[in-house]
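[1] sequence first, predicted model second:
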Amino acid sequence: MAKIVILGGSFAGLTAAFDLKRKLKDKAEVIVISKTKNFVFIPSLIWVPFKWRKPEDISFELRPVLEKKGIKFVHAEATRILPESNRVETTSGVYDYDFLLIATGPDLNFSEVEGLGPQDGYTTSICNVEHALHAGERWEEFVKSPGPIVIGATQKASCFGAAYEYVFNIEYAARKAGIRDKVEITFITSEPFLGNFGIGGVGSSQKMTEYFFKKLGIRGITNVAIEKITEDKLFLSNGQVLPFKYAMIIPPFLGVKAIRDSGLGNEAGFIPVDSTYRHLNYDNIYAAGVAVAVKYPEPTPIPIGVPKTGYMSEVMARVAAENIASKVLGKNHESKLSFEDIAPLCVMDAGNMGVLLVASRVFKPRKYHILFPGPWSHWVKVWFEKYYLWKMRNGYTQLP
């Protein structure tokens with residue numbers, strides 16, 4: 001019986017685990033090792049600070065869901081990978097493997113900018129549940145004594161979509177709280193233009209984003225890095241100094257420490273893979289999701305990263321799982337799909353509005369692209385959240 005170890009229990013890890021167990025049944029032991037005990041629908045964290053969602057509304061425990069399908073769950077953090085001996089060291093012991101799938105997600109690199117982050121800095125974050133709850137506490141304080149708001153993403157950041165969704169939602173929340181006329185909202189980004197999204201833009205995304213910013217009275221500043229942050233000011237690389245009373249800034253991502261300490265990744269700790277999502281140097285190690293190394297296709301004045309969304313993570317995991325299963329079953333077939341050829345699908349929420357984004361591939365040139373703005377997009381995201389949580393609770397990863 002093959003032993004398959006999966007590091008991570010989010011979009012990529014959970015998808016791969018269910019796919020592998022369904023394909024291999026008793027021909028493989030599938031083990032999921034995750035430092036978090038819950039699956040969280042991360043796209044809905046934008047609503048938690050405003051109490052439009054509670055953490056329990058968008059999460060579920062991994063152990064019962066996985067064990068119901070015959071998948072072993074280990075609540076522990078991987079500390080080191082020993083690829084030459086096919087072993088993973090964790091906080092709960094050592095695990096051998098025949099195949100390893102790395103789906104660990106990121107570490108948040110708040111140290112990129114002095115004063116960044118909710119722990120040792122002055123800004124909030126919505127990158128995990130704890131940060132989103134802290135952002136909510138700060139929002140409650142802010143509503144009592146409003147002032148300037150700054151939302152955005154730093155140099156080397158990649159999760160631009162969350163920053164855009166949050167700036168639109170905070171504008172909507174300010175209107176609902178009756179303080180919009182007391183609040184100046186500024187959006188800062190390392191992108192070369194608004195609506196780039198880390199993928200070079202999609203169709204008329206630049207014009208559409210600029211239109212919405214103008215309509216809602218949001219000031220946009222592009223192509224800037226953040227030099228430092230103090231208690232009430234952000235210092236930008238273009239010389240501007242922005243005062244704030246509330247700031248949410250998306251940090252750059254790194255590969256997790258276990259990968260950085262194991263020498264399996266690039267300089268940022270992300271895993272280099274081929275179009276089968278197999279490690280370039282190890283035939284029995286695969287990666288999917290945020291853990292995968294991806295470069296923006298062309299230089300930008302300020303360095304930016306490429307988003308690896310939940311949907312993209314799920315697609316990568318399916319390809320990796322198919323290839324691991326083929327090897328276990330002794331088949332010669334390899335499934336291939338380069339990251340840039342994934343057809344992105346995204347619903348960006350904007351409070352009571354939204355935009356549906358569909359394209360033929362991540363980067364240009366594209367055969368087609370579709371942008372559908374409108375209030376219905378908000379309800380599509382609400383529906384998709386419910387559907388996706390139901391799907392994953394039941395292990396139905398064969399569904400769209």
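    Done, it's in. Numbering: from 1, shown residues only.

[2] thought residue 225 was touching residue 237, still the case?
    Yes. With contacts counted by CB atoms under 8 Å, residue 237 reaches residue 225, the gap being 4.1 Å. All C-beta spots, glycine's among them, are computed from the backbone N, C-alpha and C.

[3] which of those two has more neighbours?
    Neighbour tally, residue 237 and residue 225, criterion other CB atoms under 10 Å: the higher count belongs to residue 225, 18 against 14.

[4] now do the strands in the stretch 101-250 of the chain.
    With DSSP state E, counting those that start in this stretch, the ranges of strands along the stretch 101-250 of the chain come out as 106-108, 149-153, 185-188, 218-221, 226-229, 233-236, 241-243, 246-250.

[5] can you put those in CSV and add mean pLDDT?
    Shown next, in CSV, are these (pLDDT from 0 to 100):
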stretch, mean pLDDT
strand 106-108, 98
strand 149-153, 98
strand 185-188, 98
strand 218-221, 98
strand 226-229, 98
strand 233-236, 98
strand 241-243, 98
strand 246-250, 98
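
[6] nearest to residue 207, of those strands?
    For these, proximity to residue 207 was assessed by CB to CB; strand 218-221 is nearest, at 12.6 Å.

[7] contact partners of the closest one?
    With CB atoms under 8 Å, 6 or more residues apart in numbering as the test, strand 218-221 has contacts from 152, 167, 171, 184-189, 194, 209-210, 212-213, 236, 238, 240.

[8] with stretch 172-179 instead?
    50, 139, 143, 146, 149, 180, 183, 185, 350, 351, 352.

[9] what pLDDT does the fourth one get?
    You'll see residue 146 listed with a pLDDT of 98.

[10] contacts only, for it.
    Neighbouring residues of residue 146 by CB under 8 Å, 6+ apart: 174, 179, 182, 183, 245.

[11] quick check, pLDDT for the third one.
    In the predicted model, residue 182 carries a pLDDT score of 97.

[12] which residues touch it?
    Counting by CB under 8 Å, 6+ apart, residue 182 touches 146, 147.

[13] how about 10 Å then?
    By CB atoms under 10 Å, 6 or more residues apart in numbering, the contact list for residue 182 reads 143, 145, 146, 147, 148, 174.

[14] quick check on these: which are buried?
    Among the contacts of residue 182, those buried by neighbour count (16 or more other CB atoms under 10 Å) are 143, 146, 148, 174.

[15] can you pull the buried residues of stretch 174-181?
    174, 177, 179, 180.

[16] between which two of the contacts of residue 182 is the distance greatest?
    143 and 148 (14.1 Å).

[17] roughly how far apart are the residue nearest the centre of the chain and residue 287?
    Compute the mean C-alpha point of the chain, and by CA atoms, centre = their mean the closest residue is residue 309, 5.1 Å away. Separation of residue 309 from residue 287 (CB to CB, to the nearest Å): 16 Å.

[18] swap in residue 2?
    Applying CB to CB to residue 2 and residue 287 gives a distance of 18 Å.

[19] and the two? Which one has more around it.
    Legend: neighbour count by other CB under 10 Å for residue 2 and residue 287, higher for residue 287 (30 against 18).

[20] bridging residues for the nearest residue to that one once chain neighbours are set aside?
    The shortest distance from residue 287 to any non-neighbouring residue, by CB to CB, 6 or more residues apart in numbering, is to residue 271 (3.7 Å). Following DSSP bridges, residue 271 is listed with bridge partners residue 292.

[21] ok, back up a step: out of the buried residues of stretch 174-181, which is nearest to residue 296?
    Nearest member of the buried residues of stretch 174-181 to residue 296, counting by CB to CB, is residue 174, at 32.4 Å.

[22] and the pLDDT at that closest one?
    pLDDT at residue 174 comes out at 98.

[23] next, the contact list for the residue nearest to the centre of the chain, please.
    Here residue 309 is in contact with 11, 42-43, 158-159, 161-162, 197, 289-290, 315, 342, 344-346, 362 (CB under 10 Å, 6+ apart).

[24] run through this structure and note the low-pLDDT ranges.
    Within the chain, no range satisfies pLDDT under 70.

[25] and it, what are its domain boundaries?
    Following automatic domain parsing, the chain resolves into domains at 2-108+253-341, 110-252.

[26] got a markdown table for these, with distance to residue 394 too?
    Putting the domains of the chain into a markdown table (distance: least, CB to CB, whole Å) gives the following:
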| stretch | distance to residue 394 |
| --- | --- |
| domain 2-108+253-341 | 8 |
| domain 110-252 | 22 |
